[in-house]
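Asker: Generate a structure from the sequence data that follows.
(one chain, ligands or ions: 1)
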Amino acid sequence: MRELSAYFCPRCGHYAYFQLPKNAVCCGCHVSMKRINMPYQNFMDMNREERDRYISCRIIEASPSLAERISAPDKLYNQRRLIGQLTEEYSKLETENQSLNQTVDWMHKTIWEQLHRMKELEYKLREMEKRREM
Ligand SMILES: [Zn+2]
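Answerer: Next up, the predicted model:
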């Protein structure tokens, strides 16, 4: 029997154990999971926090651009810097999302205004036709 290996999802951090690499697919994200490069038993022996930290580091490593950005200024892995970067990224996305929502609101409003105007025009047109018929 083949030995179990631990795998993690580079997208959501979910981890699981598989015998065959082809079975290592994240149940939530449906992407292939990456093998954790340590004996299964060692991974099992870590506590929850250690596993979380270990996988977090592997996720960052698996994302070259993020790892590069984080380590570029001082070539040193710095958790505070990472949190800072992620927070900044998050607030950027939040702002972006907000302005998208505003755009949608604005579009809704505009569409309603257009509809109103069309109804008005329709009404005027009908009135004019009525007058012509008289
Ligand atoms: Zn996943």
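
Asker: Isn't Q19 up against R2?
Answerer: Yes - Q19 sits in contact with R2 when judged by CB atoms under 8 Å, with a separation of 4.6 Å. Using the backbone N, CA and C atoms, a C-beta is placed for each residue, glycine as well.

Asker: For the two, indicate the residue with more neighbours.
Answerer: Counting neighbours by other CB atoms under 10 Å for Q19 and for R2 shows that Q19 has the greater number, 12 against 7.

Asker: Can you show me the strands along this structure?
Answerer: Across the chain, reading from the start of the chain, the strands by DSSP state E fall at 5-8, 15-18, 34-35.

Asker: who does the last one touch, helix- and strand-wise?
Answerer: Helices and strands in packing contact with strand 34-35 are listed as strand 5-8; criterion 3 or more CB pairs under 8 Å, 6 or more residues apart in numbering; DSSP states H and E.

Asker: what sits up against the strand it packs on?
Answerer: Residues from elsewhere that reach strand 5-8 (CB atoms under 8 Å, 6 or more residues apart in numbering): 14-19, 21, 24, 33-36, 38, 40, 43-44, 55, 58-59.

Asker: closest one to the ion among the strands of the chain?
Answerer: Counting by CB to the ion, the ion lies closest to strand 5-8 out of the strands of the chain; the figure is 8.5 Å.
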